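coordinates only, sequence not included:
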């Protein structure tokens, strides 16, 4: 490969991407969180997948605003590796104008905004928000809550449907919640189809890892499905048999 | 003409553990829930830097956990610095555990690089006054190669690593590109990852590219990385005295006998110096801190930080330098003079850093947004987390108004989020992780019934009237419970009748694999949190 020739002045594509944690990044064509886009998280594990989506970007230096999300579990966020030192929570004023102007101001100042899109938000407001996301290059993560109305006019560029398959470590009157397998499906107008995977969220060690990856490349016009690619099965409780590879000072292991 | 200076680097791996005096135990130091340093014993058991706390404890359940304490690190390093300073006029500290200096003079004096390295090792070990600490020493042209050499040396305890004069570029070429972010603070992990994704996996790969292309594609940071990779450290050869306006000083009217007083003055000096340089769009890379006492005792030390120093960073280094100096009773009188000299500066490229999500740009924007939002919704509605500690979900942190904190200040933020107690970080009676992601502000009333549809009752001794079989949350339909665990009793504030709480906690998993944390108090059931 002629490296020298491949280096001419900028394409700028990669400056527009924030870090996205690995099991999810493998499913997204760009391999990261594209600035200016919106994500919608649905399903009973919506909150966890939202945290998992943004954790790496925040750890890499982005600031995150959590708007009207009093339910946001800080301990869980901390355990998923989200740096709490760059997190600010905002409560908007009640009433129709409140959420809209608060989110708009949050987008201006923060790379990442996590919220639940107000059910009564009008089309004009939603368009304004989208435009501001693009202009500022922020990412909006909408978390749909069980039991709440969702906003009909809002569609995330990427939709993450997260459904818990099962919990490990707990029985009938013994143990405690230890590990969880979640099925995550990514689709939406910015996805070239529907990509489904199973993740440990978390596994017995507290990490988010793939349980099994299956890529179904469904063409938008309903074309032929390609066979799934199966990678790395782990045993029932998420213990694997290899040394855990952690990136350590630039992948270098020193002074063993 | 830019000459490459021959630099010797001394590096002690996992310094925070050594500073805490735990290097011969199985111990680790955590910052923000991640391992930043671990002892050899812990490493042998599988604890790696970068591991989350829980992962490390899984690998090694009896590992001693310590919180990161930069002051302790700096104070403990002082004796080593002083011991090394006897061999050379000017020592430059990059961070506790890592120092470097010009090798040419000392090497000649002590009969060559290898002989000098041995002498340095002896001196440093004597300064440590403790046996069995690994000390890595590297000698090479340029700071970058020297730093990498010192890491390599630490991995091979017997020998210092000496790269012959002129050999740095050749020696660097096959090294993995990850070294750039590992030893050079100005180069981010993201940039190195990007290099990797683009096929540049060795320093030599990057070095062979054309400098102009690299500058155009990656900006000044990339250009800096490119120079380092080629062994051409960007250090000016001329050692002229810095211009007068790079120096600030303060003569004390009365000798200052408390460290706090000196630090207070230093804070103002630092603000002024950093401000002056910022007006010229420059940041301090190498700072010299000078302090003199009434009896003529003098402390002069150089501090180096490739990423540049903010005013708080300058004050921090003043405190580190003088704390050890004063505490170890090397002074017999009060301080009468303090000076800060910005010996080396470089163009501050905050704008460019911002493109890579660099800290300074993003911090500023967030702080401005916080001010604006506080104006819109009120100070009390724009909040940040502060550690308070608690056993129930949602009580480990409380919220404080963002405007009451200094969001851009790393020390302030670390203080705000650091667990105050050091009970190994684990409160007794806490439900083990994973923690729930959805914690309602107020508990929601629920019904938990047994198989006969009777509410489950928990006695004072923790006996259940029946196994939980169904859960109904507010107005939602009743769900079958397929797994459960508990009761985990909690008896808090028993000495205070007004605050006394006796609750029994349970985890319930419903037929739809939804998991909740519920508790019963005074005969009534509540939803504490949902594992959403």
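Perfect, I can see it now. Keep in mind it's a predicted model, so treat the numbers as computed, not measured. Numbering: from 1, shown residues only, chains lettered A, B, ... in the order given.

closest point of the stretch 1-150 of chain A to chain B, which residue?
Closest residue of the stretch 1-150 of chain A to chain B, C-beta to the nearest C-beta: residue A:109 (2.0 Å). For the C-beta atoms, the positions are set from N, CA and C on the backbone; glycine is no exception.

Am I right that that residue is in contact with residue A:62?
No - checked against C-beta atoms under 8 Å, the pair residue A:109 and residue A:62 is beyond contact range at 11.4 Å.

Would you give the sheet partners of the host helix or strand of residue A:141, along with the direction of each?
If you go by DSSP states H and E, residue A:141 is part of strand A:139-143. In the sheet, strand A:139-143 lines up against strand A:38-42 (parallel), strand A:112-115 (parallel) (DSSP bridges).

and those as JSON lines, adding mean pLDDT and mean neighbour count?
Conversion of the strands paired with strand A:139-143 to JSON lines gives the following (pLDDT from 0 to 100; neighbours: other C-beta atoms under 10 Å in any protein chain shown):
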{"stretch": "strand A:38-42", "mean pLDDT": "95", "mean neighbour count": "24"}
{"stretch": "strand A:112-115", "mean pLDDT": "96", "mean neighbour count": "26"}
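
okay, the ones you listed in a markdown table with distance to residue B:118 next?
Putting these into a markdown table (distance: least, C-beta to C-beta, whole Å) gives the following:
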| stretch | distance to residue B:118 |
| --- | --- |
| strand A:38-42 | 58 |
| strand A:112-115 | 52 |
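
What segments of the stretch 301-450 of chain B are helices?
B:311-327, B:350-355, B:359-377, B:410-417 (DSSP state H, counting those that start in this stretch).

Pass me the low-pLDDT residue ranges in the chain, would you?
Because you didn't say which chain, this covers chain A. Applying pLDDT under 70 to chain A flags residues A:1-15, A:96, A:212-256.

if you could check chain B rather than the one you did, that'd help
B:1-3, B:157-158, B:234-240, B:327-330, B:348-361, B:411, B:419-427.

Return the nearest residue of it with respect to chain A.
residue B:369 (2.0 Å).

Would you mind confirming that that residue makes contact with residue A:104?
No - the pair residue B:369 / residue A:104 is not scored as a contact, 10.7 Å apart, by C-beta under 8 Å.

Looking at these two, which has the bigger crowd around it?
Per other C-beta atoms under 10 Å in any protein chain shown, whichever of residue B:369 and residue A:104 has more neighbours is residue B:369, with 22 against 17.

List the single closest residue to the more buried one in space, sequence neighbours excluded.
Nearest residue to residue B:369, sequence neighbours excluded (C-beta to C-beta, 6 or more residues apart in numbering or on different chains): residue A:109, at 2.0 Å.

ok, the one you found - how many residues close by?
Around residue A:109 there are 23 residues (other C-beta under 10 Å).

Who are the contact partners of it?
By C-beta atoms under 8 Å, 6 or more residues apart in numbering or on different chains, the contact list for residue A:109 reads A:63, A:65, B:365-366, B:368-370, B:372-373.

Now, of those, which are buried?
A:63, A:65, B:365-366, B:369-370, B:373 (16 or more other C-beta atoms under 10 Å in any protein chain shown).

In CSV: those residues, plus distance to residue B:144.
Shown next, in CSV, are those (distance: C-beta to C-beta, whole Å):
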residue, distance to residue B:144
A:63, 31
A:65, 38
B:365, 32
B:366, 32
B:369, 37
B:370, 38
B:373, 42
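
show me the contacts for the closest residue to residue B:301 other than its chain neighbours.
Leaving aside its sequence neighbours, residue B:301 sits nearest to residue B:321 (C-beta to C-beta, 6+ apart; 5.0 Å). Shown in contact with residue B:321 (C-beta under 8 Å, 6+ apart): B:74, B:78, B:289, B:291, B:299, B:301, B:303.
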